[in-house]
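Enquirer: can you look at this prediction? I've put the sequence above it.
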Amino acid sequence: MSRSPTISFIGAGNMASGIIGGMLDNGYQASDIWVSAPDDSHLQSVRKRFGVSVTTDNRHCAEQADIVVLAVKPQVMAEVCRNIAPVVQNTRPLMVSIAAGLTADTLDSWLGGGLPLVRVMPNTPSLVGKGAAGLFANNQVSQAHREAVQAMFQSIGSALWVEDENLLHSVTALSGSGPAYFFLMLEALEAAATEAGIEPETARALAIQTMAGAAEMAARSDDDPGQLKRNVMSPGGTTERAIHTFEDGGLRDLVKKAYAAAYDRSGEMSKELADKQ
């Protein structure tokens, strides 16, 4: 893929729009992007917003592409894949799925078999250019394909490969569900500060900036999180007492249990989706 690839999105929801917006902000050309969806009025708003080509015909959309991004809900994926299978079997594009739970083998079978396919587990901060995506490639995917997909998803955050597809369940439990974990902490901190007398708007602003600042420090530092935590703590001080309260309350075990619950549910959902198709 020495030239700029033509990329088609089957599906025009929030995640597809977030990816397209990030790509355009990072040097991709609107003329190289196609989007299909059943609702023409929605497609016209996408066309007006991004300047991309749109169509209600999934087959026509797929036919244009070097890379086809499957961005529809898992529940309709089988129907969509089977519909475009004759086209992609002829044109042999790189297929990219952002649908949770559906394995590479399952998707490839619906597409007629033998296609290069990458599964991507993005997360909601991708919508603001701060995503964290896990990527898995099947055996048909070349190094050039890997580089093309990684570049796409780095336009909306970070994109890291796993070599075992089952690890995407781990990615789901970490970065896929993870934003909600931090929102829960944000919610709890805001409530505690408000009860202590700080105005809710002030409490939220301070909590958000504290969370963002801590994340930026972790990203820039060579220290591990444990050392960064110790850097904030003074012997006998306020932070030390708070951290001891968290530890005594079993926070680590609770996080481990929550992570395991998300991991297990990811596996269950994958099986449920496969059984329903």
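Expert: Perfect, thanks for sending it.
Enquirer: what's near enough to touch the spatially closest residue to residue 140 that is not a sequence neighbour?
Expert: Nearest residue to residue 140, sequence neighbours excluded (CB to CB, 6 or more residues apart in numbering): residue 116, at 3.9 Å. For glycine as for every other residue, the C-beta is placed from the backbone atoms N, C-alpha and C. Contact partners of residue 116, counting by CB atoms under 8 Å, 6 or more residues apart in numbering, are 92, 94, 95, 137, 138, 140, 141, 142, 145.
Enquirer: which of those residues are buried?
Expert: 94, 95, 137, 138, 140, 141, 145 (16 or more other CB atoms under 10 Å).
Enquirer: give me phi/psi at residue 79?
Expert: phi -60, psi -40 (degrees, to the nearest 10).
Enquirer: that one: how many residues sit nearby?
Expert: Using other CB atoms under 10 Å, residue 79 is surrounded by 12 other residues.
Enquirer: which single one of the contacts of residue 116 is nearest to residue 185?
Expert: Set against residue 185, the nearest of the contacts of residue 116 by CB to CB is residue 137 (33.7 Å).
Enquirer: roughly how far apart are that closest one and residue 71?
Expert: 18 Å (CB to CB, to the nearest Å).
Enquirer: what does residue 191 give?
Expert: Taking CB to CB, one finds residue 191 at 36 Å from residue 71.
Enquirer: residue 96 now?
Expert: From residue 96 over to residue 71 the distance is 9 Å, taken as CB to CB.
Enquirer: and for residue 44?
Expert: Distance of residue 44 to residue 71, computed by CB to CB: 18 Å.
Enquirer: looking at those two, which is more packed in?
Expert: Looking at residue 44 and residue 71 with other CB under 10 Å, you find the greater number of neighbours at residue 71, namely 28 against 11.
Enquirer: contacting residues around the residue lying closest to residue 204 once chain neighbours are set aside?
Expert: Once flanking residues are discounted, residue 204 sits nearest to residue 190: 5.0 Å by CB to CB, 6+ apart. With contact taken as CB under 8 Å, 6+ apart, residue 190 is in contact with 200, 203, 204, 207.
Enquirer: my read: the second one touches residue 197, true?
Expert: No: under the contact definition of CB atoms under 8 Å, residue 203 does not touch residue 197, with a separation of 9.5 Å.
Enquirer: mark which of the contacts of residue 190 are buried, thanks.
Expert: Buried among the contacts of residue 190 by 16+ other CB under 10 Å: 203, 204, 207.
Enquirer: what does the first one show for phi and psi?
Expert: Here is the backbone geometry of residue 203 (degrees, to the nearest 10): phi -60, psi -40.
Enquirer: where does it land on pLDDT?
Expert: We have a pLDDT of 98 for residue 203.
Enquirer: who's the closest spatial neighbour of it, skipping the chain neighbours?
Expert: Nearest residue to residue 203, sequence neighbours excluded (CB to CB, 6+ apart): residue 193, at 3.8 Å.
Enquirer: go on, residue 57?
Expert: residue 36 (6.4 Å).
Enquirer: thinking again about what came up before, my guess is the residue nearest to residue 204 is in a strand, correct?
Expert: No: going by DSSP: H, G, I helix; E, B strand; the rest coil, the assignment for residue 190 is helix, not a strand.
Enquirer: would you check how far apart it and residue 207 are?
Expert: Using CB to CB, residue 190 is found at 5 Å from residue 207.
Enquirer: can you check residue 112 too?
Expert: Relative to residue 207, and taking CB to CB, residue 112 is found at 50 Å.
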